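> I would like the atomic coordinates for the input below:
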Amino acid sequence: MLMAQHAEPELLRRYASDQLVTLAKLVIESAFQPIVEAGTGTVFGYESLMRGFDRMGFDSPLEVLDQADKTGQLIALEQMLTSRALAKFATIEDFSSATLFLNLDVRLIRHGERLVESLLQHLRKNNIPPSSICFELSERFDNTSVPEFSALIATMRKAGFKLAIDDFGVGHGEMKLLCDYPVDYLKIDRHFVADIDKSARKRHLFKNLVNMAHVLGIRVIAEGIETEAEFLACREYGVDLVQGWFISRPTTFVTELKPAFPHLRDLDTVKRSSQSLDEILIRKQIERLPTVYENDSIENVFELFRRNPRQAFFPVLNANGEPRGIINEYHLKEYIYQPFGRDLLKNKVYERSISQFVDRAPTVGLDADAERLMAIFANMDGSDCVILTENMRYAGVVSAASLIKVINEKQLKTAQDQNPLTGLPGNRAIRDFMQSAGRDGDETRFFCYCDFDNFKPFNDHYGFHIGDHAISLFAALMRRYFFSEGDFLGHVGGDDFFIGITGWSKEEITEILDRLLGDFHDDAIDLYTEEDRTNGYIKGHDRTGNERIFQLLRCSIGVLELPAGLVIDDSARVSAEIAAVKARAKNSDTGLAFQAFGENP
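Numbering: from 1, shown residues only. The predicted model follows:
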């Protein structure tokens, strides 16, 4: 029985060797896995995946392709699979504004011209624009080593197709592709995504990969996201698009495909609110330049520069409204000032298209913060602008001067948020720090909420002037003990303060907070009259108006610890846990209480 079970796949594969394409037509199906905008949860496109290969006796799609290559049937198989994927894609509502990602096997590159022509015919038949198709360059082999590769890429770009590097980080020739070819998307391999929330090394590499791609005008897709924590980390580090089982599994049924995923939008609520100030300021500085489409004629470009004599460049878009880069006037001047130069460009035999003049430009979504935009711009030497997108489509450009205005206005707004008594940042800055620190799990973080005990009766008894003196005194003590670059001090309001600390040990912070509380208690006693100090209390009215005895002023500090490796984007839960530990601190003898995030006290 066991021998029969083992023999069956072998027999199937042997039969498939001769009749692979015929058998594939009967059992192979195209499954689509959504690729989704990280910030909104809106579906951007789909990756086409092979399903049904197991019914042919194969363990993976790669085995099917390898067998087809051995038997000389690879190009026929790929043409059949592609035509079926396109036909299914064309049945999706609003397919013309989506993108279908197709894998390009390196062994087919030498047949590239034939494949492209066949594909264009299928696209015309289904009314699908070439800009809705993205070829994923597999890194199983070194694509750049194939002699016909450069010519094929030029043909694809001229036709309007998009290009992605698949499995980035674990393949061959990836840096050469980035350096020498106009890539649109970088798909970071699952290896770097898996448990990224628990690995500081992965987070460091991931962040730098994303920034590098954006500087080059390339959008980033995180592959293989399987958990909420992985999604939150990837989104925080700036990926544009996400794909994986956490978002949606592949399906062969078009009716199961959704236009958006609300659970991602819900997770994004905090992020949108935390960046609202940056986005408001950036939107004020956006310049919505006229655009050029990559399939426009050279004559149209000349006319656009003629009508806008002071503009040195224009953004270039594909048919879907996605940025390709910019076209600079100086690229065309050598033709303008040459004898017959303009005629040469328009000559169909010469065939110079707009795509051949496009320069890459830093490209990033509108939800990026101002500092990140400035860093991306600064790292792209000689760039004229940063191209901004909304829902992956062109939204406008910002120049260096505009970004400087944004930074200055943000600093002014931040200064206005400072407490006038203490000069410390207020609630907006505190909230932003907590959310930023919560998403960066490289080190242990401590959120310390400081609140005076018995402050109201003290303030009523001695007056606002002495009450303000006590508040200023505590702020000065905070500055004395917390002055390192990673320390954050904030003034919530009244007698409530916040201290944010990164990278300290619990023992270190306990020692410093004990000294802070002790010094404040000693200094606050001097604010009382000698009689009240001798009594050790004052008489006053509580919040209900009843007279009672109140102990002398002290401060309580509740400390919430976020351990290294924890990535949290739930501000409501963080606030609830801070409130709980603050209550414990008020009821403690020392005025100091610690609680690890998620710990039951």
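
> What strand or helix carries the residue sitting furthest away from the middle of the chain?
For the chain, the C-alpha farthest from the mean C-alpha position belongs to residue 531; by C-alpha atoms, centre = their mean, that distance is 61.0 Å. Using DSSP states H and E, residue 531 falls within helix 530-535.

> Looking at the closest residue to residue 524 other than its chain neighbours now. What's its pLDDT?
Once flanking residues are discounted, residue 524 sits nearest to residue 553: 4.5 Å by C-beta to C-beta, 6 or more residues apart in numbering. To be clear about C-beta, it is placed using only N, CA and C from the backbone, and glycine gets the same treatment. The model reports residue 553 with a pLDDT of 92.

> does residue 553 really touch residue 457, like I thought?
No - judged on C-beta atoms under 8 Å, residue 553 makes no contact with residue 457 at a distance of 9.3 Å.

> Quick check: neighbours of the helix or strand where residue 550 lies in the sheet, parallel or antiparallel?
Using DSSP H and E, residue 550 maps to strand 547-551. Applying DSSP bridges to the sheet, strand 547-551 is found paired with strand 537-541 (antiparallel).

> Tell me how many other residues surround residue 223.
Counted with other C-beta atoms under 10 Å, residues neighbouring residue 223 total 22.

> need the contact list for it.
Residue 223 sits next to 167, 187, 188, 189, 190, 193, 243, 244 when contact means C-beta atoms under 8 Å, 6 or more residues apart in numbering.

> Repeat the analysis, applying 6 Å as the threshold.
187, 190, 243 (C-beta atoms under 6 Å, 6 or more residues apart in numbering).

> Ok, residue 181 next?
By C-beta under 6 Å, 6+ apart, the contact set of residue 181 is residue 153.

> least trustworthy helix or strand in the chain by mean pLDDT?
Here the helix or strand of the chain ranked lowest by mean pLDDT, DSSP states H and E is helix 269-274, holding a mean of 44.

> Now the helix or strand just after it: buried residues?
Following helix 269-274 in sequence order, the next helix or strand is helix 276-285 (DSSP H and E). For helix 276-285, burial by neighbour count (16 or more other C-beta atoms under 10 Å) applies to 277, 278, 279, 281, 282, 285.

> Thought residue 406 was touching the fourth one, still the case?
Yes - taking contact to mean C-beta atoms under 6 Å, the distance of 4.7 Å between residue 281 and residue 406 places them in contact.

> ok, of the contacts of residue 223, which one's closest to residue 304?
Of all these, residue 187 has the smallest distance to residue 304: 33.9 Å, by C-beta to C-beta.

> Now do the contacts for that closest one.
Residues near residue 187 by C-beta under 6 Å, 6+ apart: 164, 166, 168, 221, 223.

> wait, isn't the fourth one in contact with residue 241?
Yes - if you go by C-beta under 6 Å, residue 221 and residue 241 touch, sitting 4.3 Å apart.

> Who has more neighbours out of these two?
Comparing residue 221 with residue 241 by other C-beta under 10 Å, the one with more neighbours is residue 221, at 28 against 24.

> Can you classify that one as helix, strand or coil?
Secondary structure, DSSP: H, G, I helix; E, B strand; the rest coil: residue 221 is strand.

> gap between it and residue 168?
Going from residue 221 to residue 168 by C-beta to C-beta, to the nearest Å gives 9 Å.

> and if you look at residue 564?
Distance from residue 564 to residue 168, by C-beta to C-beta: 27 Å.

> any chance of the contacts of residue 187 in JSON lines, with distance to residue 231 and pLDDT too?
Shown next, in JSON lines, are the contacts of residue 187 (distance: C-beta to C-beta, whole Å; pLDDT from 0 to 100):
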{"residue": "164", "distance to residue 231": "20", "pLDDT": "94"}
{"residue": "166", "distance to residue 231": "20", "pLDDT": "90"}
{"residue": "168", "distance to residue 231": "18", "pLDDT": "87"}
{"residue": "221", "distance to residue 231": "13", "pLDDT": "97"}
{"residue": "223", "distance to residue 231": "12", "pLDDT": "94"}
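
> Would you mind giving those residues as JSON lines with distance to residue 442 added?
Output for the contacts of residue 187, formatted as JSON lines (distance: C-beta to C-beta, whole Å):
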{"residue": "164", "distance to residue 442": "29"}
{"residue": "166", "distance to residue 442": "28"}
{"residue": "168", "distance to residue 442": "22"}
{"residue": "221", "distance to residue 442": "24"}
{"residue": "223", "distance to residue 442": "23"}
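
> Not counting residues beside it along the chain, what's closest to the residue nearest the centre of the chain?
Centroid-nearest residue in the chain, with C-alpha atoms, centre = their mean: residue 238, separated by 2.3 Å. Once flanking residues are discounted, residue 238 sits nearest to residue 210: 4.5 Å by C-beta to C-beta, 6+ apart.

> Can you report how many residues neighbour the one you found?
The tally of other residues near residue 210 (other C-beta under 10 Å) stands at 22.

> do the same with residue 569
Residue 569 has 22 nearby residues by other C-beta under 10 Å.

> In PDB, could you pull the C-alpha coordinates for the helix or strand hosting residue 316?
Counting by DSSP H and E, the element that carries residue 316 is strand 313-317. This file holds the C-alpha atoms of strand 313-317, laid out as PDB (Å, rounded to 0.1, in the frame of the first residue of the first chain):
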ATOM      1  CA  PHE A 313      11.100  69.600 -14.700                       C
ATOM      2  CA  PHE A 314       7.700  67.800 -14.600                       C
ATOM      3  CA  PRO A 315       6.600  64.600 -12.900                       C
ATOM      4  CA  VAL A 316       6.100  61.600 -15.200                       C
ATOM      5  CA  LEU A 317       3.200  59.200 -14.500                       C
END
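
> Now do residue 52 against residue 265, distance only.
Counting by C-beta to C-beta, the separation of residue 52 from residue 265 is 33 Å.

> neighbour-wise, which of these two wins?
Per other C-beta under 10 Å, whichever of residue 52 and residue 265 has more neighbours is residue 52, with 18 against 15.

> if we can go back for a sec, could you list the buried residues of the helix holding residue 531?
Across helix 530-535, burial judged by 16+ other C-beta under 10 Å covers residue 532.

> ok, now how distant is the residue nearest to residue 524 from residue 321?
Noted for residue 553: a distance of 62 Å to residue 321, by C-beta to C-beta.

> With residue 295 instead?
Distance from residue 295 to residue 321, by C-beta to C-beta: 13 Å.

> can I get the CA coordinates of the helix or strand containing residue 371 in PDB?
Element membership of residue 371, judged by DSSP H and E, is helix 370-379. The C-alpha trace of helix 370-379 is given here as PDB (Å, rounded to 0.1, in the frame of the first residue of the first chain):
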ATOM      1  CA  ALA A 370       8.300  65.900   7.900                       C
ATOM      2  CA  GLU A 371      11.600  64.800   9.300                       C
ATOM      3  CA  ARG A 372      11.600  61.600   7.400                       C
ATOM      4  CA  LEU A 373      10.800  63.500   4.200                       C
ATOM      5  CA  MET A 374      13.700  65.800   4.800                       C
ATOM      6  CA  ALA A 375      16.000  62.900   5.400                       C
ATOM      7  CA  ILE A 376      14.900  61.100   2.200                       C
ATOM      8  CA  PHE A 377      15.400  64.300   0.200                       C
ATOM      9  CA  ALA A 378      18.800  65.000   1.700                       C
ATOM     10  CA  ASN A 379      20.000  61.500   0.800                       C
END
